[in-house]
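A.B. asks: sequence-free structure coming up:
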């Protein structure tokens, strides 16, 4: 592992720990877990019910916390993998400040009259239309 990669893991580490701490609960409720390309992936179990409730006007199907990706089920995880890996890279750049930067980008989009999620600069980058 290169020094730069190791620093990326450390920088995003606080959020990865939060995501990783959910692993026992996900597994105990019938979900699954795996490591894929250096990222902890969790799916199903309590995430099937819990994630959709995070979105105020849409259902959340997958979310990234550092180097942990959580999804409602395995097919959704596989379908969103490329998108969520962009968020992993964003966590590596912004580290523990990424959620704040994301929230500010959502607020900025809303102040422009745009959609807080679809027009968030981090989401646009993850979709490849930034």
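C.D. replies: Right, received. Where do you want to start? Just so it is clear, the structure is predicted and the values come from calculations on it, not from any experiment.

A.B. asks: got a list of contacts for the helix or strand containing residue 4?
C.D. replies: Using DSSP states H and E, residue 4 sits within helix 3-21. Helix 3-21 is contacted by residues 40, 42, 64-70, 88, 91-92, 95-96, 98-99 when judged by Cβ atoms under 8 Å, 6 or more residues apart in numbering. Using the backbone N, CA and C atoms, a C-beta is placed for each residue, glycine as well.

A.B. asks: could you point out the longest helix in the chain?
C.D. replies: helix 74-94 (DSSP state H).

A.B. asks: helices or strands next to that helix in the packing?
C.D. replies: With contacts taken as 3 or more Cβ pairs under 8 Å, 6 or more residues apart in numbering; DSSP states H and E, helix 74-94 sits against helix 3-21, strand 39-43, strand 62-65, strand 68-71, helix 98-111, helix 121-127.

A.B. asks: how about 10 Å then?
C.D. replies: helix 3-21, strand 32-36, strand 39-43, helix 46-50, strand 62-65, strand 68-71, helix 98-111, helix 121-127 (3 or more Cβ pairs under 10 Å, 6 or more residues apart in numbering; DSSP states H and E).

A.B. asks: Checking residue 115 next. Helix, strand or coil?
C.D. replies: Following DSSP: H, G, I helix; E, B strand; the rest coil, the label given to residue 115 is coil.

A.B. asks: tally of neighbours for it?
C.D. replies: The tally of other residues near residue 115 (other Cβ atoms under 10 Å) stands at 13.

A.B. asks: what's across from residue 41 in the sheet?
C.D. replies: Legend: beta-bridge partners of residue 41 under DSSP bridges are residue 34, residue 69.

A.B. asks: For residue 57, see how far away it is.
C.D. replies: Shown here: residue 41 relative to residue 57, a distance of 26 Å by Cβ to Cβ, to the nearest Å.
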